[in-house]
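[1] For reference, the sequence and a predicted model appear below.
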Amino acid sequence: MYVKALLASSDYDRAIAVLSDLERLSEPQGDRWEGRRLRVAYELARAYSLRAGKTGDPEDVETAVSYLTTTIQGGGVDGEIANWDEIKGETFTGIRQDKAYRRLIQGR
């Protein structure tokens with residue numbers, strides 16, 4: 001909830017900091033933690049994409065695509081974490097022109 005509020009208020013730096021802390025704290029410990037790690041990866045992808053949309057920073061674009069790739073390859077799509085409509089939606093407009101992002105969503 002806190003991260004969603006930070007993202008809604010465009011406090012991307014703080015959201016990324018909080019999510020990065022969560023990522024470090026959620027070391028994999030069986031299947032129970034994997035879902036949490038995928039959720040954090042997806043939220044980091046969202047935060048970096050939103051920040052990239054404001055700043056145009058190529059590092060933010062690359063990082064967003066990397067976390068989104070982790071989410072997709074980890075099986076976090078069309079489950080409880082994300083769906084293709086969200087991934088192709090306006091949250092990810094900041095990375096829409098990236099070739100790797102376009103390959104991820106191609107045909108979906």
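    Happy to help now that I have it.
[2] okay, now residue 56: neighbour count?
    10 (other CB atoms under 10 Å). No exception for glycine: its C-beta is placed from N, CA and C like everyone else's.
[3] Residue 100 versus that one, what's the distance?
    For residue 56, the distance to residue 100 equals 17 Å [CB to CB, to the nearest Å].
[4] Check residue 86 too.
    18 Å.
[5] cool, and residue 81?
    In this view, residue 81 and residue 100 are 20 Å apart by CB to CB.
[6] So residue 91 sits against residue 46, correct?
    Yes: taking contacts as CB atoms under 8 Å, residue 91 lies within contact range of residue 46: 5.3 Å.
[7] Who has more neighbours out of these two?
    Using other CB under 10 Å, the more surrounded residue of residue 91 and residue 46 is residue 46, with 26 against 18.
[8] and the more buried one, what does it touch?
    If you count contacts by CB atoms under 8 Å, 6 or more residues apart in numbering, residue 46 has them with 7, 64, 91-92.
[9] Which one (most neighbours) among those?
    residue 64 leads the contacts of residue 46 on contacts (other CB under 10 Å) with 27 neighbours.
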